[in-house]
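> Would you be able to build a 3D model of this:
(one chain, ligands or ions: 1)
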Amino acid sequence: MAHARAQLSRDPLGRSKRTRLTAERVLELLSVLRSGGVEATLDGGWGVDALLGHETRPHEDLDLVVAFSDVSRIQEALRPLGFVLHEDHLPVRFVLRCNGEQLDFHTVTFDLEGGGVQPQPGGGSFRYPPEGFVMGRVRGESVPCISASVQVLCHLGYEPTLEDARDIVQLCHAFGLPIPTAYAHFSSTVRPDYSRRGPMVDSQLVALEVVTPDTARLLSNLFGLYLHDMSEIFPIEVGADGRFQYGKLPLYWSEPEKRFAFLIRSGARPAGFALVTRGSPATDDPDDLDVAEFFVLRGYRRTGVGRQAAFLLWNRLPGQWIVRVSEANRAGLPFWRAIIQEHTRGAFSESKHPGGPHGTRVFSFRSESPSAAV
Ligand SMILES: CC(C)(COP(=O)(O)OP(=O)(O)OC[C@H]1O[C@@H](n2cnc3c(N)ncnc32)[C@H](O)[C@@H]1OP(=O)(O)O)[C@@H](O)C(=O)NCCC(=O)NCCS
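I've put the predicted structure just below:
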C-alpha cells in the first residue's frame with residue numbers, strides 16, 4: 001500500500017507560493033516544538049538530508065512524524081509564530097502554514113514496542129517500526145529522523161517525482177541499499193552525490209556486542225590491525241612472527257568487573273571494537289570509566305560507525321567518562337572532540353597532559369543515559 005506520501009506528491013496547493021525552509025529554521029521549529037513538549041521526527045526531504053548530514057537541495061516544506069495525541073499541543077506551540085491550520089486530513093496528517101512556510105505533520109499512534117501506526121488515506125495503516133526512528137544531523141546538530149530503509153519504504157507504491165528519485169538515489173548510495181525497481185529508470189538521469197567520503201552506515205545497523213570466549217580470537221585479530229595503525233604514533237614493534245600482540249587482552253576476561261570489551265558490528269559484520277576500563281590512568285576516582293582502546297576498520301571509517309558505537313557505549317554505561325587521545329592522532333583527536341561535543345551538547349572539559357611521545361588530550365564528561373546490563 002502506498003504511504004500517505006502519495007497524497008503529498010499530488011499536492012493541489014502548488015509549490016510556487018511556498019517559502020523555503022532553511023536548516024536554521026528547521027532547528028528553530030524543532031526547538032519550539034520541544035519546548036511545547038512535542039518530540040517531532042524529521043521525515044520527507046529534510047529527513048533525507050538529516051540522514052545524509054547535509055542539505056542536498058532547497059526544501060519547500062517540512063515533513064514531521066508526531067504523536068496523534070500531540071495535535072493540539074503542536075498547534076498551541078506554533079500559533080505564536082503565526083502558524084494556522086491549512087489542511088486537515090486527520091487522523092492521517094494535517095498541514096500548518098505561515099507566510100508560505102508549510103509544515104506537514106504525519107500523525108501516528110505509538111504502540112507498546114515503540115512503532116508508530118499511521119492510518120492511510122485509502123484505509124488500512126502504515127507502521128513506522130521502532131528501529132525506524134533514528135538520529136541524523138542538521139547543521140551538525142543531532143535531530144530525530146526516520147531511518148534510510150523506512151524512508152525508502154515510504155517512497156514506494158506511487159509514481160515518484162524527479163525530486164523523490166533524487167532523494168532515494170542519494171539515500172541508497174549513501175547507505176548501501178539497493179535502488180528499488182520503481183526508481184531504476186531514473187538511474188540514467190539522477191546521479192548520486194559522490195562528494196561524500198563513503199557510504200554512510202544506517203545507524204540502526206551499528207551494534208555493540210559483548211566479547212565472549214567465542215569471539216575473543218576475533219577481537220585479538222582486530223587488535224593487531226589497531227596496533228598496526230597505532231604504530232604510526234607510538235613505538236610499537238611487530239613480533240618476530242609478523243603479528244602485533246597485546247599482552248593485556250586476557251585481563252578483559254579475568255577482571256570482568258573492571259574491564260569491558262565490546263565488538264562493534266555493522267549488521268552481522270565486524271567493524272571494530274571498544275575496550276573500556278573502570279578507573280582511568282588520567283584521574284584518581286576508581287569509578288571513572290575510561291575508553292582504553294577504540295578502533296573502526298578502515299573500510300568503515302567516515303561512515304558514522306565510530307560515532308554510533310561511541311554513543312551506544314556512553315548510553316550503555318552511564319557515569320563519568322574519560323577519553324585520552326594522543327595529540328599526534330590525526331583522526332582520533334578531531335573524532336573525539338566532534339562527537340563528545342555532540343553527545344554532551346558542549347558539557348565537557350578538555351585538558352592537555354604531558355605523557356606519551358607527543359602529549360595527550362584528556363576529555364571528561366558525564367553520560368546520564370539509562371543503563372542496560374553489560
Ligand atoms: C578515530 C576513529 C575511531 C574514527 O572512527 P570513524 O568511524 O571513522 O568516525 P565517524 O565516521 O563516526 O566520524 C564522526 C566524525 O568525527 C570526525 N572525524 C572522524 N575521522 C576524522 C578524520 N580522519 N579527520 C577529521 N575528522 C574526523 C568528523 O567530524 C566525523 O564526522 P563527518 O564524517 O560527518 O565529518 C577511526 O579513524 C579509527 O579507528 N582510527 C584508528 C584507531 C584510533 O585512532 N582510535 C582512537 C584512539 S584514541
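> How many residues are close by Val66?
Val66 has 22 neighbouring residues, counting by other C-beta atoms under 10 Å. C-beta: built from backbone N, CA, C; applies to glycine.
> mind checking the SS state of it?
Three-state call for Val66 (DSSP: H, G, I helix; E, B strand; the rest coil): strand.
> Quick check, it in contact with Arg34.
No. Counting by C-beta atoms under 8 Å, Val66 sits too far from Arg34 to count as a contact (11.7 Å).
> Check the burial of the closest residue to Glu350 other than its chain neighbours by counting its neighbours.
Nearest non-adjacent residue to Glu350, counting by C-beta to C-beta, 6 or more residues apart in numbering: Phe363, 5.3 Å away. By the criterion of other C-beta under 10 Å, Phe363 has 22 neighbours.
> Kindly state the beta-bridge partners for Phe363.
Val323, Glu350 (DSSP bridges).
> just checking, it touches Ile322?
Yes. Here Phe363 reaches Ile322: they are 7.2 Å apart, a contact under C-beta under 8 Å.
> tell me the SS of Thr109?
With three-state DSSP as the basis, Thr109 sits in strand.
> starting at the chain centroid, how far to stretch 336-345?
Remark: stretch 336-345 is offset 13 Å from the chain centroid, using C-alpha atoms, centre = their mean, to the nearest Å.
> touching the ligand at all, it?
Yes. For stretch 336-345, a contact with the ligand is found by C-beta under 6 Å from any ligand atom, at Ala338, Ile339.
> Now that stretch: buried residues?
By neighbour count on 16 or more other C-beta atoms under 10 Å, the buried set for stretch 336-345 is Trp336, Arg337, Ile339, Ile340, Gln341, Glu342, His343, Thr344.
> With stretch 95-108 instead?
For stretch 95-108, a neighbour-count test (16+ other C-beta under 10 Å) marks Val95, Leu96, Arg97, Glu101, Gln102, Leu103, Asp104, Phe105, His106, Thr107, Val108 as buried.
> So what's the residue count around Thr22?
Thr22, neighbours per other C-beta under 10 Å, totals 14.
> hmm, back to that, of the buried residues of stretch 336-345, which belong to strands?
Judged by DSSP state E, strands contain none of the buried residues of stretch 336-345.
> Out of those, which comes closest to Met230?
Lowest distance from Met230 to the buried residues of stretch 336-345 (C-beta to C-beta) belongs to Trp336, with 14.9 Å.
> Report the contact partners of the most centrally placed residue in the chain.
The centre of the chain sits closest to Met135, judged by C-alpha atoms, centre = their mean, with a distance of 4.0 Å. By C-beta atoms under 8 Å, 6 or more residues apart in numbering, Met135 lies in contact with Ser142, Val143, Pro144, Cys145, Ser203.
> quick one: which of those residues is most hemmed in?
Highest neighbour count within the contacts of Met135, by other C-beta under 10 Å: Cys145, with 28 neighbours.
> gap between the residue nearest to the centre of the chain and Leu21?
20 Å (C-beta to C-beta, to the nearest Å).
> before we move on, the earlier item: local confidence estimate at the residue nearest to Glu350?
Per-residue confidence (pLDDT) for Phe363: 98.
> For it, list the residues it contacts.
By C-beta under 8 Å, 6+ apart, Phe363 lies in contact with Trp321, Ile322, Val323, Arg324, Val325, Trp336, Arg337, Ile340, Phe348, Ser349, Glu350.
> List only buried entries from those residues.
Trp321, Ile322, Val323, Arg324, Val325, Trp336, Arg337, Ile340, Phe348, Glu350.
> Wait, a strand at the first one?
Yes. Using three-state DSSP, the secondary structure at Trp321 is a strand.
> wait, what's in contact with it?
Asp288, Leu289, Asp290, Val291, Trp314, Phe363, Ser364, Phe365, Arg366, Ser367.
> CSV for these, including distance to the ligand and secondary structure?
Listed next are the contacts of Trp321 as CSV, based on distance: C-beta to the nearest ligand atom, whole Å; DSSP: H, G, I helix; E, B strand; the rest coil:
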residue, distance to the ligand, secondary structure
Asp288, 16, coil
Leu289, 15, strand
Asp290, 11, strand
Val291, 7, strand
Trp314, 13, helix
Phe363, 10, strand
Ser364, 14, strand
Phe365, 15, strand
Arg366, 20, strand
Ser367, 17, strand
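> Which of these are buried? Put it as a ChimeraX command.
Filtering those down to the buried ones (16+ other C-beta under 10 Å) takes a single ChimeraX command:
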select :288,289,290,291,314,363,364,365,367
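> now, which of the contacts of Trp321 sits nearest Ile236?
Proximity of those to Ile236 was ranked by C-beta to C-beta; the top entry is Val291 with 18.5 Å.
> Helices along this protein, start to end?
5-9, 23-35, 44-52, 71-78, 148-154, 162-175, 181-184, 216-230, 251-254, 305-316, 332-344 (DSSP state H).
> Among the ones you listed, which comes closest to Glu131?
Among those, the nearest to Glu131 by C-beta to C-beta is helix 148-154 (8.5 Å).
> With just CA atoms, put that closest one into PDB.
Only the C-alpha atoms of helix 148-154 are listed here, as PDB (Å, rounded to 0.1, in the frame of the first residue of the first chain):
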ATOM      1  CA  ALA A 148      17.000   5.200   5.500                       C
ATOM      2  CA  SER A 149      15.300   1.900   5.000                       C
ATOM      3  CA  VAL A 150      11.900   3.200   6.200                       C
ATOM      4  CA  GLN A 151      12.300   6.400   4.000                       C
ATOM      5  CA  VAL A 152      12.800   4.100   1.000                       C
ATOM      6  CA  LEU A 153       9.700   2.100   2.100                       C
ATOM      7  CA  CYS A 154       7.600   5.300   2.300                       C
END
